[in-house]
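> here is a sequence together with a model predicted from it:
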Amino acid sequence: QVQLVESGGGSVQAGGSLRLSCAASGLFFSRSSMGWFRQAPGKEREFVAAIAWNDFSTHYADSVKGRFTISRDNAKNTVYLQMNSLKSEDTAVYYCAAVRSGPGAYRSEYEYAYWGQGTQVTVSS
């Protein structure tokens, strides 16, 4: 079965950086578009970033554009989220997700069929 395992979360001061990783198994990773989402306490889950499998094109939420970078390593079946210049409002549980089909870098969570368990990111000001 499909498994997505996130790692790299933790606590950091505002202005700091973290790099999240998501190791995938049980799917054809090199043909799977991937995304990162987050959910803060009391809020709905929201899109953060996505990367397409066919051309590695990316999409970002406006709130993270210029600070976060999504990338993938097909040889390692891993997708990354480099987070720089972190702010307190970035505090959330971050989830990795894989698209069931389709080549694009999708923003809608309804395009994603598989989800990781999440990793906590806490940014203190």
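Ah, there it is.
> drop to CA atoms for contacts and neighbour counts, all remaining ones
Will do.
> contacting residues for Ala49?
Contact analysis of Ala49 by C-alpha atoms under 8 Å, 6 or more residues apart in numbering lists Gly35, Trp36, Phe37, Thr58, His59, Tyr60, Ala61, Thr69, Ile70, Arg107.
> where do the strands sit along this structure?
In the chain, the strands defined using DSSP state E lie at 3-7, 10-13, 18-25, 34-39, 46-51, 58-60, 68-73, 78-83, 92-99, 112-115, 119-124.
> for Gly8, give me its contacts.
So Gly8 contacts Leu18, Arg19, Leu20, Ser21, Thr119 (C-alpha under 8 Å, 6+ apart).
> phi and psi next, for the nearest residue in space to the third one that is not next to it in sequence.
With sequence-adjacent residues excluded and distances taken as C-alpha to C-alpha, 6 or more residues apart in numbering, Leu20 is closest to Gly8, at 4.5 Å. In terms of degrees, to the nearest 10, the main-chain angles of Gly8 are phi 100, psi 0.
> look up how far Gln120 lies from Gly8.
Computed as C-alpha to C-alpha, to the nearest Å, the Gly8 to Gln120 distance reads 9 Å.
> one more: Ile51?
Note on Ile51: its distance to Gln120, by C-alpha to C-alpha, is 21 Å.
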